[in-house]
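*Asks:* Here is a sequence together with a model predicted from it:
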Amino acid sequence: MTIAKQILSIQNDLAHTHAKLIAVTKTRSIDELNLTYQAGILDFGENRVQELVEKQAVLPKDIRWHQIGHLQTNKVKYIAPFVHLIHTVDSLKLLMEINQQAIKNNRIIKCLFQIYIAQEETKFGLSPNELYEILENPIFAELQNIQIVGLMGMASFTENTDQINKEFNSLAQLFHALKSNHTAHQAGNVAWEELSMGMSGDYILAAALGSTLVRVGSAIYGARG
């Protein structure tokens with residue numbers, strides 16, 4: 001099946017949900033990315049900063065680039081001029097650096113807090129308590145060149161749909177609690193709009209549980225060689 005047909009199939013799966021498709025383009029060729037763009041997708045997700053920067057330089061400028069991999073503070077400056085959304089903020093230190101680089105580029109950079117929901121030690125992210133500590137820190141309120149627009153989480157890599165369901169539900173509940181808690185809006189740099197959860201193996205479940213952004217790679221392009 002072609003890239004365009006795979007994308008259409010996924011979009012049909014998402015048709016009656018609030019979820020938007022982000023094509024995860026890591027390790028994919030420029031030709032594959034051009035075919036993705038020609039199929040009408042403008043949201044591309046990359047894990048590695050170097051790869052993201054190289055691709056952004058040669059692809060159409062209306063593509064919205066999402067940083068979806070773990071981000072080190074010393075790499076922020078490379079994507080700050082153009083990144084559309086950073087999904088993986090997991091510390092106040094990283095957020096301060098994003099704010100600093102946003103100031104240099106005269107931009108407000110949108111970000112998601114990455115929340116740790118999986119039962120695997122390899123996943124990054126904040127606990128709910130750590131998230132609230134950042135939100136309540138006076139330094140956070142001073143960061144005027146970032147905007148927190150939601151949460152991101154990665155479920156455990158498992159065939160157990162009950163477990164995935166439980167993990168996605170916990171993230172959705174946290175998101176809705178923040179959304180309905182008016183004190184979480186007072187900083188002026190927060191708008192709880194996006195819930196980024198769901199990948200190739202579980203995007204249908206994630207979308208059903210309220211995800212607004214699903215990050216899909218192998219379901220579009222096939223398994224990486």
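*Replies:* On my side now, so go ahead. Here the structure is a predicted model, which means the values were calculated and not measured. Numbering: from 1, shown residues only.
*Asks:* Skipping adjacent residues, who's closest to Val49 in space?
*Replies:* In this structure, Val49 finds its nearest non-sequential neighbour in Lys75, 4.2 Å apart by Cβ to Cβ, 6 or more residues apart in numbering. Quick note: C-beta positions are derived from backbone N, CA and C, even for glycine.
*Asks:* ok, Val83 touching Ile68?
*Replies:* No. Using Cβ atoms under 8 Å, Val83 is not in contact with Ile68, being 10.7 Å away.
*Asks:* I'd like the distance from the one helix or strand Gln56 maps to to the chain centre, please.
*Replies:* Assessed by DSSP states H and E, Gln56 sits inside helix 49-58. Distance, stretch centre to chain centre, for helix 49-58: 17 Å (Cα atoms, centre = their mean, to the nearest Å).
*Asks:* packing partners for it?
*Replies:* helix 30-38, strand 43-46, strand 64-67, helix 76-79 (3 or more Cβ pairs under 8 Å, 6 or more residues apart in numbering; DSSP states H and E).
*Asks:* Going by neighbour count, list what's buried in the third one.
*Replies:* Just to be clear, that refers to strand 64-67. Of the residues in strand 64-67, Trp65, His66, Gln67 count as buried by neighbour count, 16 or more other Cβ atoms under 10 Å.
*Asks:* Now flag whichever of those is closest to Ala155.
*Replies:* The closest of the buried residues of strand 64-67 to Ala155 turns out to be His66 (Cβ to Cβ; 18.2 Å).
*Asks:* who does the closest residue in space to the closest one that isn't next to it in sequence bridge with?
*Replies:* Once flanking residues are discounted, His66 sits nearest to Gly45: 4.3 Å by Cβ to Cβ, 6+ apart. Counting by DSSP bridges, Gly45 forms beta bridges with Val24, His66.
*Asks:* The residue nearest the centre of the chain in helix, strand or coil?
*Replies:* Geometric centre of the chain, nearest residue: His87, 3.3 Å, by Cα atoms, centre = their mean. Assigned with DSSP: H, G, I helix; E, B strand; the rest coil, His87 falls in the strand class.
*Asks:* quick one: pLDDT of it?
*Replies:* For His87, the pLDDT comes out at 98.
*Asks:* Who are the packing partners of the helix ranked longest in the chain?
*Replies:* Determined from DSSP state H, the single longest helix within the chain is helix 161-180. With contacts taken as 3+ Cβ pairs under 8 Å, 6+ apart, helix 161-180 sits against strand 146-153, strand 190-196, helix 203-208.
*Asks:* So what's the residue count around Trp192?
*Replies:* 18 (other Cβ atoms under 10 Å).
*Asks:* That should have said Leu143, apologies.
*Replies:* 23.
*Asks:* Could I get the contacting residues of the nearest residue to Ile204 once chain neighbours are set aside?
*Replies:* Among residues not flanking Ile204 along the chain, Asp13 sits closest, at 5.5 Å (Cβ to Cβ, 6+ apart). Neighbouring residues of Asp13 by Cβ atoms under 8 Å, 6 or more residues apart in numbering: Tyr203, Ile204, Ala207.
*Asks:* any idea which of these is closest to Tyr37?
*Replies:* Tyr203 (20.2 Å).
*Asks:* Which of the three states applies to the closest residue in space to that closest one that isn't next to it in sequence?
*Replies:* Distances taken as Cβ to Cβ, 6+ apart place Val214 nearest to Tyr203, at 4.0 Å, with adjacent residues excluded. What three-state DSSP gives for Val214 is strand.
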